[in-house]
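# Sequence plus the predicted model coming up.
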Amino acid sequence: MSHIFEALQRAEAERSGVELDAFDVPTELLQIAESTVAAQAGKSGVAAAGSAPEIPTSELEQTSDDAAVGTPLWSEFQSLPVSLPPNCKLVSVTAKESLAAEKFRFLAVRLRHLQQRHPLKQLLITSVMPEEGKSMVAANLACALAGRQQKKTLLVEGDLRCPTVQRQFGLGRIPGLSEYLQGTLDGGVPVYRLDALGIWVLPAGKAPHNPLELLQSARLAPLMQQLNDWFDWIIIDSPPVLPLADTSVWMRLSDGILLVTRQGTTDKEQLKRGLEAIESKKLIGALVNSAAHAAHGDYYYRYGSAAPAPPA
């Protein structure tokens, strides 16, 4: 400490032209040095140590809760109109009194109860093969979770190869996850608010030529952590398990996995292989889509004539 004091003493003496003996009290010298630093900081526009930096006016509009968790200004997310196609199967919105909608609400309740006992926020929806209805389940479940309790729910389109979210909601061509991971966006995270449905979406964007390589980008994990801080639920619509390796990336980032199967489409041997490829400790359960007989207490969904889903 004596060497530090002597250095301060010499520096102040040289600056002020006062003899060294005039600074016998360390406190006096430190006070002079502190006032000098504060004055210099004021001239350069830098906040002095111990003072609070100026907060932009826009940031002052945040609630205290939002500021505490680093939540963005929700108004900054662009709001998009929804134009559901005629063959839309978003029953959680278009047929709220149907058996299918009731089953999605029941599933949402079960997931909320599970969330109270286990860390569960980032939920992965996948299937063994294409054409089993995973994207339809993900969209309906997101709307159901955001329903009565008004939880901030985000639908992430993790299938960069065959995106369907923009078509399901009639959003048109908008940038999304692909552009964000490539670093070609001028703005921030391409999350959009669908006011008519009460949810947010992060679409896939334009299908890239290297989806697996893009998903392995160093930008994905920090993005998902940021989204995890912002939202109450994150529903990830991922690619099928077997044909692609993309789902393994999403499995590492998720808290739980729901496997969608389709009666008359899912092959028994493929299902076994798919279950072997999924992290068993994260597997919450399986859903049977287009079941011929829907039991009230199980996760079954009936869609009239059980017509095949549109191509992914």
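Right, received. Where do you want to start? Because the structure is a prediction, the values reported are computed rather than measured. Numbers count the residues shown, from 1 in each chain.
# Restricting to C-alpha, output stretch 185-199 in PDB.
Extracted in PDB, the C-alpha atoms of stretch 185-199 (Å, rounded to 0.1, in the frame of the first residue of the first chain):
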ATOM      1  CA  LEU A 185     -30.200  -9.800 -40.900                       C
ATOM      2  CA  ASP A 186     -30.000  -6.000 -40.300                       C
ATOM      3  CA  GLY A 187     -32.100  -6.100 -37.100                       C
ATOM      4  CA  GLY A 188     -32.300  -8.400 -34.100                       C
ATOM      5  CA  VAL A 189     -34.000 -11.700 -33.500                       C
ATOM      6  CA  PRO A 190     -36.700 -12.300 -36.200                       C
ATOM      7  CA  VAL A 191     -39.500 -13.100 -33.800                       C
ATOM      8  CA  TYR A 192     -43.000 -12.000 -34.800                       C
ATOM      9  CA  ARG A 193     -46.200 -11.500 -32.800                       C
ATOM     10  CA  LEU A 194     -49.400 -13.100 -34.100                       C
ATOM     11  CA  ASP A 195     -52.000 -10.900 -32.300                       C
ATOM     12  CA  ALA A 196     -54.900 -12.900 -33.600                       C
ATOM     13  CA  LEU A 197     -53.600 -16.100 -32.000                       C
ATOM     14  CA  GLY A 198     -51.800 -14.700 -29.000                       C
ATOM     15  CA  ILE A 199     -48.500 -16.300 -29.800                       C
END
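# Number of residues surrounding Pro86?
Neighbourhood size, Pro86 [other Cβ atoms under 10 Å]: 4. The way it works is simple: take the backbone N, C-alpha and C, and place the C-beta from them, glycine included.
# and it, what does it touch?
Contacts for Pro86 (Cβ atoms under 8 Å, 6 or more residues apart in numbering) come out as none.
# my read: Val82 touches Phe169, true?
Yes - if you go by Cβ atoms under 8 Å, Val82 and Phe169 touch, sitting 5.2 Å apart.
# Neighbour count: these two, which is higher?
Higher neighbour count among Val82 and Phe169: Phe169, with 26 against 17, using other Cβ under 10 Å.
# tell me the contacts of that one?
Neighbours of Phe169 in contact, by Cβ under 8 Å, 6+ apart: 82-84, 90, 139, 194, 197, 201.
# Next: Gly274.
127-129, 241-242, 259.
# before we move on, the earlier item: overlap in contacts, Val82 and Phe169.
Here Val82 and Phe169 share the contacting residues 194, 197, scored by Cβ under 8 Å, 6+ apart.
# ok, back up a step: what's the PyMOL syntax to select whichever of the contacts of Phe169 are buried?
Buried subset of the contacts of Phe169, written as a PyMOL selection, criterion 16 or more other Cβ atoms under 10 Å:
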select buried, resi 82+90+139+194+197+201
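# Relative to Leu271, which of the contacts of Phe169 is nearest.
Leu271 lies nearest to Ala139 out of the contacts of Phe169, by Cβ to Cβ, at 22.9 Å.
# Please look at Ile129 and Asp267 and confirm they touch.
If you look again at residue 129, you'll see it is Met, not Ile. Yes - if you go by Cβ under 8 Å, Met129 and Asp267 touch, sitting 7.5 Å apart.
# And these two? Which one has more around it.
Legend: neighbour count by other Cβ under 10 Å for Met129 and Asp267, higher for Met129 (19 against 13).
# which non-adjacent residue is nearest the more buried one?
Leaving aside its sequence neighbours, Met129 sits nearest to Pro240 (Cβ to Cβ, 6 or more residues apart in numbering; 5.3 Å).
# My read is that that neighbour contacts Thr247, right?
Yes - between Pro240 and Thr247 a contact is recorded at 7.1 Å, counting by Cβ under 8 Å.
# joint contacts of these two?
Thr126.
# Pick out whichever of these two has more residues nearby.
Between Pro240 and Thr247, Thr247 has the larger neighbour count (other Cβ under 10 Å), namely 26 against 23.
# Secondary structure element holding that one?
helix 246-253 (DSSP states H and E).
# Name the residues that touch that helix?
Outside helix 246-253, the residues touching it (Cβ under 8 Å, 6+ apart) are 122, 124, 126, 158-161, 211-212, 215-216, 220-221, 224, 236, 238-241, 257, 277-279, 282.
# Check those residues for burial and list the buried ones.
Buried among those by 16+ other Cβ under 10 Å: 122, 124, 126, 158-161, 211, 215, 220, 224, 236, 238-241, 257, 278.
# Filter those down to the ones in helices?
Counting by DSSP state H, the buried ones among the contacts of helix 246-253 place 211, 215, 220, 224 in helices.
# And the furthest pair within the residues you listed?
Pro211 and Met224 (16.5 Å).
# all helices of the stretch 101-250 of the chain, in order?
Along the stretch 101-250 of the chain, counting by DSSP state H, counting those that start in this stretch, helices occupy 134-145, 165-169, 177-182, 211-215, 220-230, 246-253.
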